[in-house]
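**Q** Model the following, please.
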Amino acid sequence: MAKPQTRNERPHNQLAELIDDVLHKKKEYGFSTQQEIGRAIGVDKATFSRSVQDHGTLTVEQSLRLAHLLRMDPVSILRAARRGDLADVVAAMMHTTPSALTRGEEEHLQLWRQASPTTKISIRSTLSLDVVMAEVLAHVRASGSRRGMQILRRLARQDRAIIRAAGREDALTKRAKHELRRYTAGSPTPKTGATDRSSGKRRGSASRGNTKSRA
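**A** All right, here's what the predicted structure looks like:
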């Protein structure tokens with residue numbers, strides 16, 4: 001027979017177990033203390049420790065920040081933080097299609113199929129760089145290396161350069177689509193109009209000359 005839970009017994013603390021697992025996997029997540037995790041999501045050491053160890057919960061904002069920091073499923077973090085009601089709402093918003101993709105992922109896939117080869121190269125480079133930067137960031141946090149910070153700043157500059165290049169390409173794409181719509185709509189170009197006007201002037205001058213000669 002299962003032992004009934006007494007008033008002094010605490011409920012299972014899933015959040016504390018999750019944080020302990022993160023700290024045990026220092027090489028994967030780059031954190032060695034609760035203070036580091038709390039600081040990364042904007043919570044001081046005492047508040048974070050009390051929330052996790054004593055109460056086993058976080059605010060909704062803190063939970064979402066933690067999920068983003070650890071690159072974990074926000075629904076799992078919300079449930080661990082005893083925010084099950086909101087976790088159900090988020091899970092419903094992130095419901096998958098029969099192809100196992102969310103609606104947002106389906107939209108991204110459609111945009112990818114319509115993208116130019118140059119844009120696809122930029123996207124691949126950005127995603128690859130994001131993975132590398134995450135690995136470097138974890139290493140820098142663990143070692144405190146100044147050299148690592150220099151590498152991280154250089155990668156960040158490259159990332160910004162890629163984003164600017166993609167923005168310029170998007171602007172050129174919009175301009176090209178605009179010109180294509182004008183062309184397919186049959187809009188006359190200024191050069192053609194100028195030629196027609198000059199031809200009309202020459203025909204008018206010739207007509208007036210013939211009239212004078214007849215007189």
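**Q** quick check: domain ranges of the chain?
**A** Domain ranges of the chain: 14-93, 105-184, per automatic domain parsing.
**Q** and those as a markdown table, adding mean neighbour count?
**A** Backbone N, C-alpha and C define where each C-beta goes, glycine included. What follows is the domains of the chain, written out as a markdown table (neighbours: other CB atoms under 10 Å):
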| stretch | mean neighbour count |
| --- | --- |
| domain 14-93 | 17 |
| domain 105-184 | 12 |
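**Q** I'd say residue 66 and residue 34 touch.
**A** No. Counting by CB atoms under 8 Å, residue 66 sits too far from residue 34 to count as a contact (11.6 Å).
**Q** Now residue 84: closest residue in space that isn't a chain neighbour?
**A** residue 78 (7.2 Å; CB to CB, 6 or more residues apart in numbering).
**Q** if I pick the one you found, what's in contact with it?
**A** Neighbour list for residue 78: 60, 63, 64, 67, 84, 86, 87, 90 [criterion: CB atoms under 8 Å, 6 or more residues apart in numbering].
**Q** which SS class is it?
**A** helix (DSSP: H, G, I helix; E, B strand; the rest coil).
**Q** follow-up on the earlier one: which stretch in the domains of the chain is the model least sure about?
**A** Lowest mean pLDDT within the domains of the chain: domain 105-184, at a mean of 73.
**Q** Can you get me the start-to-end distance on that one?
**A** Domain 105-184 has its terminal residues 33 Å apart, counting by CA to CA, to the nearest Å.
**Q** This structure: helices as residue ranges?
**A** With helices called from DSSP state H, the chain shows them at 14-24, 26-29, 34-40, 45-49, 60-70, 74-80, 84-93, 103-114, 117-143, 146-184, 190-214.
**Q** circling back to that earlier point, now tabulate the contacts of residue 78 in TSV and tack on distance to residue 12.
**A** Putting those into TSV (distance: CB to CB, whole Å) gives the following:
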residue	distance to residue 12
60	21
63	17
64	22
67	20
84	13
86	19
87	16
90	22
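**Q** Need the phi and psi values for residue 116.
**A** Here is the backbone geometry of residue 116 (degrees, to the nearest 10): phi -80, psi 160.
**Q** Distance of residue 53 relative to residue 76?
**A** According to CB to CB, to the nearest Å, residue 53 and residue 76 sit 19 Å apart.
**Q** hang on, I meant residue 130
**A** 22 Å.
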